[in-house]
Each structure stands twice: as structure tokens, then as C-alpha cells.
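*Asks:* structure of the sequence below:
(one chain, ligands or ions: 2)
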Amino acid sequence: MDLLVVGSGFFGLTIAERAANAGKKVVVIDRRDHIGGNAYSEAEPETGIEVHRYGAHLFHTSNETVWEYVNRFTEFTSYVHKVYSNFKGEVYPLPINLGTINQFFRSAYSPSEARELIAKQAEEFDTKSAQNLEEKGISLIGRPLYEAFIKDYTSKQWQTPTTELPAEVISRLPVRYNYDNRYFSDTHEGLPVNGYTAWLENMADHPNIEVRLNTDFFDESQPLNKAAVVGKVPVVYTGPVDRYFDYAEGELGWRTLDFEQQVLPVGDFQGTSVMNYAGADVPYTRIHEFRHFHPERDYPTDKTVIMHEYSRFATREDEPYYPVNTPEDRERLLKYRELTEQEPKVLFGGRLGTYQYLDMHMAIGSALSMWNNKLEGTI
Ligand code: FAD
Ligand code: UDP
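*Replies:* Ligands and ions are numbered 1, 2, ... in the order given. Okay, here's the model as predicted:
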């Protein structure tokens, strides 16, 4: 073995694929019973509808290198993601666009009239110097829209006051002064034609790659555990960074999600793939309806699969999904970063290993850079 990769998500598989392609023998271990990390999907047995087990995953990127790379393993459909929000029993288009603004204010503003109105409603904070999510949100869309669509939804999602959340979280949502309600603004977008798992399996399908599932890096009863390999074999670790160091600097805050999946005896439950629920009176954040991700497929017309999503703080037993990133978390992370630099022959990557929000294209792009800059020619 030339390289041990801990974690078979997109980060780990990209590293493994690149190393295998360069003639290196790679072992990938994952503690789960399936490949693919959080992007894993499977057919719901009663309906055959592809369900994303760890929450809906939409692929999009403007990075040409990543786009070329991922197309080696899968083709993409022409799916374009759109999201709606139910606020007080009325449905509005997201992200906030001219359609949302005109519906909310019961008006017919032109783009420049809408800009003028929002600028007035947003003047209490300046976008550039906004210190936290609340200030940034208000500076971008004004207080009334912020309070309707962002404040309660974000509080439900993060269970952290919006004044303590980093401004970047909200920067991911564009604001548009036209009627374009594409959720993402990237050059390339689509869903893998044969599903995520087929794509992930294609990445691992190489004679130089061996995948071992149900194998935990910290389980000393399996031979490729931390104590046995660190310093002896190069390791790329994509699990949680605080867990690696046995929480020596304290726990980093994560958010986890609970999913409630149901098969319903109707052909179409909500008419779209994702409906957000903006209000604090509804306990879930959104409902996914998976059939709408693949309108090109021949799914049953009398049944559908929906999933309610609930958000809460993760305990050590839960799946860590989103870094909370409070100021205390960021201080701890700096200490962990110092520790990672002292680990012999271990590189930390991916969403969990770097405690960073990474979309799939970012995880893949960052793994390609790690391969090019730190591993190629050295292992
Ligand atoms: P992961 O996929 O989390 O993989 C890490 C792997 O490491 C896991 O399989 C885990 O089991 C394994 N592991 C951890 N600890 C150990 C251990 N001790 N021993 C062995 N194995 C271990 N991205 C998008 O681009 N679009 C989206 O719409 C999108 N939606 C998302 C929705 C949700 C709810 C979540 C959580 C993420 C979403 N993402 C989305 C992000 C996407 O999931 C990540 O970018 C991608 O999964 C990152 O891959 P990764 O390899 O870093 O991590
Ligand atoms: N957001 C919101 N209301 C919405 C949708 C998003 O307030 O209806 C905010 C929320 O803070 C969220 C962020 O925008 O964390 C990013 O949204 P996105 O849909 O990208 O979140 P994710 O899919 O990663 O949960």
C-alpha cells in the first residue's frame, strides 16, 4: 500500500483515483457500510425513486477543471435547481428575486425601483463591514424580507443567534433584481444520469484501489488503525479533525440533520423538489420530493417519496453535517490546525477534516489541488 485514504466521500475518492491513476496502490477505508460519504444515494425499494440518504445533493460548478474531471465518471442531466419558500401559507420563489419582492410587497416594481426600495430598507447596515449573518442579511435584502425569509429559517437551521453566525453563510444565496429564480448561478449544473452512487463507484473502480467498508480508523481491532499506520504509511484523513486528536482542544460545533422519509400514495405531493418553510411555527426546515430531481425517469405515477428535514446540534454520536463556526469554534480550529501540521505523513482534507463548508465541486477541486501540490511525486 502506497497510500491510505480515510473516508470514501468525494474528497477521499478523488485522492484515491488520482493516486491509482499514477500507479500507486491505495486502500480506502470507511466506517459506514457504503461508499460515497454524504453524497450517497439509493433507490427507495417500493418506488425505485432515487433518494439521497444524507439530504438532497445538487451538483453545480463554474470550475472548468472540476467539470472536465467529473465528466470522466458520469454524464449529467439538464436539471436546473429551483427552490420555493412557504411563508405564512403563501409560496414565494427563492432565492430572493424580483418575483419574490413584487409578491411580498404586492407591487409591480421594475428592477431599478426594486433596487431603490431594498437599498432604503437595507441602509442600517453596510454589506462590506457586516459583522455577522444578521447584519449581512439585512444589508443585502432589507429588514422586512430578512425577517420573513431568513431570520426564523436560519434560527431553525442553526439554533444559534443569527448575530453569532458568520456573514459568509448567507453570501451563498444570491439576490437578483430580475425574475431569474435559478438557485445556483454556476456555469455548469445537473444531476448524475445514473445516480450519485454509480458516479462514486466509477471513481473507485480501478485495479489499484481497494475499498474496505465498516472499517473505522480509530478501531484498534482492525489492522489499518491510527496507532498502527500513522508515520509508516502516507495517510489522507477526511474524518472530523477534532475526533482525530481525541477532542484535545475541545469539540468543534457541528449541526446534524434528522430526516423523516415517507412514501405517499400520490403522484405529486408538492409540484417541486424542495419547499422551504420560513416560519418558526413549522418545526422542519424543508420538504424534499425526490421524483422531481429526475423528471426524465420513468417513475411510478401513483406514488412519491418525500423527506422532511429537521436541523439540530450534533452530539458525538450524530453525523456531523455543517460546521457551526462560532468565534470559539474558529479559535479551536486554529489550535487543531497547528496539531495537524505536526502529524507525520498525514494530510487532512474534505469537509470534516478541515472543518469547512464545502460543496461537492469544492471538495473535488480541493482534493485535486492536494494531489497536485502535496502528493504527486512524493508518495
Ligand atoms: P464526506 O462525504 O462527509 O465523506 C467523509 C467520509 O469519511 C464519510 O463517508 C465518513 O463515513 C468517513 N469517515 C469519517 N470518520 C471516519 C473514520 N473514523 N474511519 C473511517 N471513515 C471515516 N454539496 C453540493 O455540491 N451540493 C449540494 O446540494 C449539497 N448538499 C448537501 C446537503 C447535506 C445535508 C450535506 C451534509 C452536504 C451537502 N453537500 C452538498 C456537500 C457534500 O456532501 C460534500 O461536499 C461532500 O460530501 C464532501 O465530501 P467529503 O469527502 O469531504 O466528506
Ligand atoms: N437561507 C434562509 N432561508 C431560506 C434558504 C436559505 O435563511 O429559505 C439561509 C440559511 O441561513 C442557510 C443559507 O441561507 O443556511 C444557505 O442556504 P442553502 O440553501 O445553501 O443551505 P443548505 O442547502 O446548505 O442547507
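*Asks:* buried residues of stretch 192-202, list them for me.
*Replies:* 192, 195-197, 199-202 (16 or more other C-beta atoms under 10 Å). Where you see a C-beta, it was placed from the backbone N, CA and C, and this is true even at glycine.
*Asks:* Leu358 against Gly350, yeah?
*Replies:* Yes - using C-beta atoms under 8 Å, Leu358 is in contact with Gly350, at 6.9 Å.
*Asks:* overlap of the contact sets of those two?
*Replies:* Common neighbours of Leu358 and Gly350, counting by C-beta atoms under 8 Å, 6 or more residues apart in numbering, are 11, 366.
*Asks:* higher neighbour count, those two?
*Replies:* Gly350 (29 against 21; other C-beta atoms under 10 Å).
*Asks:* give the contact list for the more buried one.
*Replies:* Residues near Gly350 by C-beta under 8 Å, 6+ apart: 7, 9-12, 37, 238, 358, 363, 366-367.
*Asks:* ok, which of these also contact ligand 1?
*Replies:* 7, 9-12, 37, 238, 358, 363 (C-beta under 6 Å from any ligand atom).
*Asks:* from those residues, which land in helices?
*Replies:* Mapping those onto helices (DSSP state H) picks out 10-12, 363.
*Asks:* averaged pLDDT, stretch 159-167. What do you get?
*Replies:* For stretch 159-167, mean pLDDT is 85.
*Asks:* and that stretch, how far out from the chain's middle?
*Replies:* Remark: stretch 159-167 is offset 19 Å from the chain centroid, using C-alpha atoms, centre = their mean, to the nearest Å.
*Asks:* stretch 102-118 now?
*Replies:* 32 Å.
*Asks:* got it, and stretch 348-359?
*Replies:* Chain-centre distance of stretch 348-359: 10 Å, with C-alpha atoms, centre = their mean.
*Asks:* for it, buried residues please.
*Replies:* By neighbour count on 16+ other C-beta under 10 Å, the buried set for stretch 348-359 is 348-355, 358-359.
*Asks:* Leu368 is in contact with Arg18, correct?
*Replies:* Yes - between Arg18 and Leu368 there is a contact at 7.1 Å, judged by C-beta under 8 Å.
*Asks:* these two: which is more packed in?
*Replies:* Taking other C-beta under 10 Å, Arg18 and Leu368 do not tie; Arg18 has more neighbours (21 against 18).
*Asks:* including secondary structure and pLDDT, could the buried residues of stretch 348-359 go into JSON lines?
*Replies:* Below are those laid out as JSON lines (DSSP: H, G, I helix; E, B strand; the rest coil; pLDDT from 0 to 100):
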{"residue": "Phe348", "secondary structure": "strand", "pLDDT": "98"}
{"residue": "Gly349", "secondary structure": "coil", "pLDDT": "98"}
{"residue": "Gly350", "secondary structure": "helix", "pLDDT": "98"}
{"residue": "Arg351", "secondary structure": "helix", "pLDDT": "97"}
{"residue": "Leu352", "secondary structure": "helix", "pLDDT": "97"}
{"residue": "Gly353", "secondary structure": "helix", "pLDDT": "98"}
{"residue": "Thr354", "secondary structure": "helix", "pLDDT": "98"}
{"residue": "Tyr355", "secondary structure": "coil", "pLDDT": "97"}
{"residue": "Leu358", "secondary structure": "coil", "pLDDT": "96"}
{"residue": "Asp359", "secondary structure": "coil", "pLDDT": "97"}
